[in-house]
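K.L.:
I need the structure of the sequence given here:
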Amino acid sequence: CICFHAIGSGGDAMEQMIKDGIITAVFDYAMGDIADGVFKELRSSSDSRLTVASDCNVPQVLVPGGSEHLGVLTEPDVIPARYEGQQCTWHSPVIFVPRVNEEQQAAIAKEIGKRLAKVNEKALFLMPLQGVSGYSSESGEIYNKDLDASFWTYLQKELPASLKKETLDCNAESTEFVEYAVQSLLTLIEK
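P.N.:
Next up is the predicted model:
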């Protein structure tokens, strides 16, 4: 088992290791690098991110973890003007975390759908209905049930029809969700 940090370079390193045959199954738990890529923010990944497992016919469980917010590098404790008025929190004094609004999440869902256009039967998309990160959990700083629901609506519209999708009524960081995702990946591997 190899873990990668949920930033652009982490996702890109994982994708390269899939190409190299080092990784033979993927629990792709974080897509914040896709969200940041749409808006050219801190965690941006390359354009091939989220495409390689399908190209290489590798089993994968996909979760849009961390894609409901952005990671924005800024001056200490300064909210960038372009995100003023959005629900937000801070990852650190220099990493601002705005919750994406409906227009932004529609663009993120479209990009995720585009990158997953070539998925096969070895892929499963899991959607946690109570937030895709700890930040958007019920006790999180950017909790917003309405935005969670609309994000899932946008994703359903953009994800390929061929991609199997399931929802779980829990948060992405709950033990229940993670255990289900891991078991789902093991089932895909065994097939």
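K.L.:
name the nearest residue to residue 166, ignoring sequence neighbours.
P.N.:
Nearest non-adjacent residue to residue 166, counting by Cβ to Cβ, 6 or more residues apart in numbering: residue 126, 5.5 Å away. Placement of C-beta: from N, CA and C, glycine included.
K.L.:
tally up the residues packed near that neighbour, please.
P.N.:
By the other Cβ atoms under 10 Å criterion, the neighbourhood of residue 126 contains 22 residues.
K.L.:
helix or strand: which one has it?
P.N.:
Under the assignment given by DSSP states H and E, the secondary-structure element containing residue 126 is strand 123-128.
K.L.:
contact partners for the residue nearest to residue 166?
P.N.:
61, 62, 63, 165, 166, 167, 168, 177, 180, 181, 184 (Cβ atoms under 8 Å, 6 or more residues apart in numbering).
K.L.:
for residue 41, see how far away it is.
P.N.:
25 Å (Cβ to Cβ, to the nearest Å).
K.L.:
repeat that for residue 176.
P.N.:
In this structure, residue 176 and residue 41 are 30 Å apart, going by Cβ to Cβ.
K.L.:
remind me which residues of this structure are low pLDDT?
P.N.:
In the predicted model of the chain, no residue satisfies pLDDT under 70.
K.L.:
need the longest helix for it.
P.N.:
Determined from DSSP state H, the single longest helix within the chain is helix 175-190.
K.L.:
what's it in contact with?
P.N.:
Under the criterion Cβ under 8 Å, 6+ apart, external residues in contact with helix 175-190 comprise 25-27, 29, 59-61, 63, 122-124, 126, 128, 166, 168, 170-171.
K.L.:
out of the residues you listed, which are buried?
P.N.:
In terms of neighbour count (16 or more other Cβ atoms under 10 Å), the buried residues within the contacts of helix 175-190 are 25-27, 29, 59-61, 63, 122-124, 126, 128, 168, 170-171.
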